[in-house]
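Visitor: just need the structure, nothing else, for what follows:
(chains A and B)
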Protein chains: 2
Amino acid sequence: MEGEPTRVMMGVNESTIKGYSHASISSRGAFEWTLQQIVRSNTSGFKLLFLHVQAPDENGFDDMDSVYASPDDFKSLKQRDKARGIHLLECFVNRCHEIGVQCEAWIKKGDPKEVICHEVKRVRPDLLVVGSRGLGPFQRVFVGTVNEFCVKHAECPVITIKRPADEAPQDPVND
Amino acid sequence: MEGEPTRVMMGVNESTIKGYSHASISSRGAFEWTLQQIVRSNTSGFKLLFLHVQAPDENGFDDMDSVYASPDDFKSLKQRDKARGIHLLECFVNRCHEIGVQCEAWIKKGDPKEVICHEVKRVRPDLLVVGSRGLGPFQRVFVGTVNEFCVKHAECPVITIKRPADEAPQDPVND
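Guide: Predicted coordinates:
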């Protein structure tokens, strides 16, 4: 029954909480759930594929006070984005390495929901795991939901892991 | 990392193909997917919980020609339904027994989507797996979709396993 490991793709993103340059609460929750409930002790039976999608305008508001005077300013901005993405993925890859689960991680630019579905088509994982803030319909209008789009459009089985209510920050739109 | 097994609830139903008293193609697909991609060789790490919900009018059309003349006629009808449900669950339980995966199976009456969500609340599985015919929006209007309701309302992570296109019967509404 063994053979090729089950390839689990995980969409991971940064926390939206200011000054907190780590994975979002949802991403970490989805990752820990996958290890505890799916991988369990069978560390050689699974391979985790971490995809981090950087939306172009994600940090738009933070950059409102910046002044761009030369092409190099944009270059350094891009390098900063890349560095943050690498830092994010490093946490997940390190944890997999510690417990002996094979993994791969990469960064893409674009609209997260579109890019995730496109990468599913390209990489063909056996399963896609996405975290969700578990917001109500009113809150969802403002933040959009990557997971609902993926459940509908991704060409592989999708599992949505809702953030536990007791881990929600003061403003539940944050993550 | 081991301890209590991961409890996976599976909603299973009969095939809608006439004269074919077996599990639906979707149910069997979801079951085999779970064994291959999630359980793998870690047979002691999981416990499968099979729930079969019998909708009261599911076999309504088959019974159009029946004549009910006494309370006993209904009793035998109910016994026939129960026997079919037991036969359905037996296939899944036998297969689990063969490969050494713990399981439980039970039958409930009612609207499948409502009952599944109610049973999730009662039994508190770690994961719910449901099969889906993968119908388009036009076909869905007529047959309803249990999986979409469960993804929205079940109080645990839900995974929908779509029926592979090459296993669809001539009329894709059949299963």
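
Visitor: where does chain A get nearest to chain B, residue-wise?
Guide: A:Asn42 (4.1 Å; Cβ to the nearest Cβ). Every residue, glycine included, has its C-beta placed from N, CA and C.

Visitor: I figured that residue was touching B:Thr43, is that so?
Guide: No. Using Cβ atoms under 8 Å, A:Asn42 is not in contact with B:Thr43, being 10.0 Å away.

Visitor: up against chain B, what does chain A have?
Guide: Proximity of chain A to chain B (Cβ under 8 Å from any Cβ of the partner chain) is limited to residues A:1-2, A:6, A:33, A:35-38, A:40-42, A:45, A:99, A:126-127, A:151, A:157-162.

Visitor: quick check on the residues you listed: which are buried?
Guide: Among the residues of chain A next to chain B, the ones that count as buried by 16 or more other Cβ atoms under 10 Å in any protein chain shown are A:6, A:33, A:35, A:37-38, A:40, A:42, A:45, A:126-127, A:151, A:157-162.

Visitor: mind checking which of these are in helices?
Guide: Judged by DSSP state H, the subset of these located in helices is A:Trp33, A:Val151.

Visitor: how distant is the longest helix belonging to chain A from the center of its chain?
Guide: Looking across chain A with DSSP H, the single longest helix is helix A:71-99. Centre-to-centre, helix A:71-99 and its host chain are 13 Å apart (Cα atoms, centre = their mean, to the nearest Å).

Visitor: what residues sit buried inside that helix?
Guide: Residues A:Asp81, A:Arg84, A:Gly85, A:Leu88, A:Leu89, A:Cys91, A:Phe92, A:Val93, A:Arg95, A:Cys96 are the ones in helix A:71-99 that count as buried (16+ other Cβ under 10 Å).

Visitor: mind showing which ranges of chain A have poor pLDDT?
Guide: Scanning chain A for pLDDT under 70 picks out A:1-2, A:18-21, A:57-66, A:135-144.

Visitor: residue most distant from the centroid, it?
Guide: In chain A, the greatest distance from the average C-alpha position (Cα atoms, centre = their mean) is reached by A:Ala69, at 32.3 Å.

Visitor: for that one, pull up the helix or strand it's in.
Guide: Assigned by DSSP states H and E, A:Ala69 falls within no helix or strand.

Visitor: phi, psi for it please.
Guide: The phi/psi pair for A:Ala69 (degrees, to the nearest 10) reads phi -110, psi -20.

Visitor: and A:Met9, by the same measure?
Guide: phi -90, psi 140.

Visitor: correct me, but A:Glu119 touches A:Lys108?
Guide: Yes. With contact defined as Cβ under 8 Å, A:Glu119 counts as touching A:Lys108 (6.7 Å).

Visitor: neighbour count winner among the two?
Guide: Using other Cβ atoms under 10 Å in any protein chain shown, the more surrounded residue of A:Glu119 and A:Lys108 is A:Glu119, with 21 against 15.

Visitor: double-check that that one belongs to a helix.
Guide: Yes. Read with DSSP: H, G, I helix; E, B strand; the rest coil, A:Glu119 is one of the residues of a helix.

Visitor: how about it, what does it touch?
Guide: A:Met9, A:Leu51, A:Lys108 (Cβ atoms under 8 Å, 6 or more residues apart in numbering or on different chains).

Visitor: again, only using 6 Å
Guide: A:Leu51 (Cβ atoms under 6 Å, 6 or more residues apart in numbering or on different chains).

Visitor: do the one 10 residues further on as well
Guide: For A:Val129, the residues meeting the contact criterion (Cβ under 6 Å, 6+ apart) are A:Val8, A:Met10, A:Ala30, A:Thr34, A:Ile159.

Visitor: can you list the strands that the helix or strand hosting it pairs with?
Guide: Secondary structure from DSSP H and E places A:Val129 in strand A:127-132. Here strand A:127-132 is paired, per DSSP bridges, with strand A:6-11 (parallel), strand A:158-162 (parallel).

Visitor: just the angle for the first one relative to helix A:71-99, thanks.
Guide: So the one you mean is strand A:6-11. On the basis of axes from the mean of the first three to the mean of the last three Cα atoms, to 10 degrees, strand A:6-11 is oriented at 140 degrees to helix A:71-99.

Visitor: now what about strand A:6-11, what contacts it?
Guide: A:46-51, A:116, A:125-130, B:37.

Visitor: possible to save those residues as a markdown table with distance to A:Ser76?
Guide: Shown next, in a markdown table, are the contacts of strand A:6-11 (distance: Cβ to Cβ, whole Å):
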| residue | distance to A:Ser76 |
| --- | --- |
| A:Phe46 | 38 |
| A:Lys47 | 35 |
| A:Leu48 | 31 |
| A:Leu49 | 30 |
| A:Phe50 | 25 |
| A:Leu51 | 25 |
| A:Ile116 | 28 |
| A:Pro125 | 34 |
| A:Asp126 | 39 |
| A:Leu127 | 38 |
| A:Leu128 | 34 |
| A:Val129 | 34 |
| A:Val130 | 31 |
| B:Gln37 | 43 |
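
Visitor: can I get the strands paired with strand A:127-132 in CSV with distance to A:Asp175?
Guide: Listed next are the strands paired with strand A:127-132 as CSV, based on distance: least, Cβ to Cβ, whole Å:
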stretch, distance to A:Asp175
strand A:6-11, 13
strand A:158-162, 12
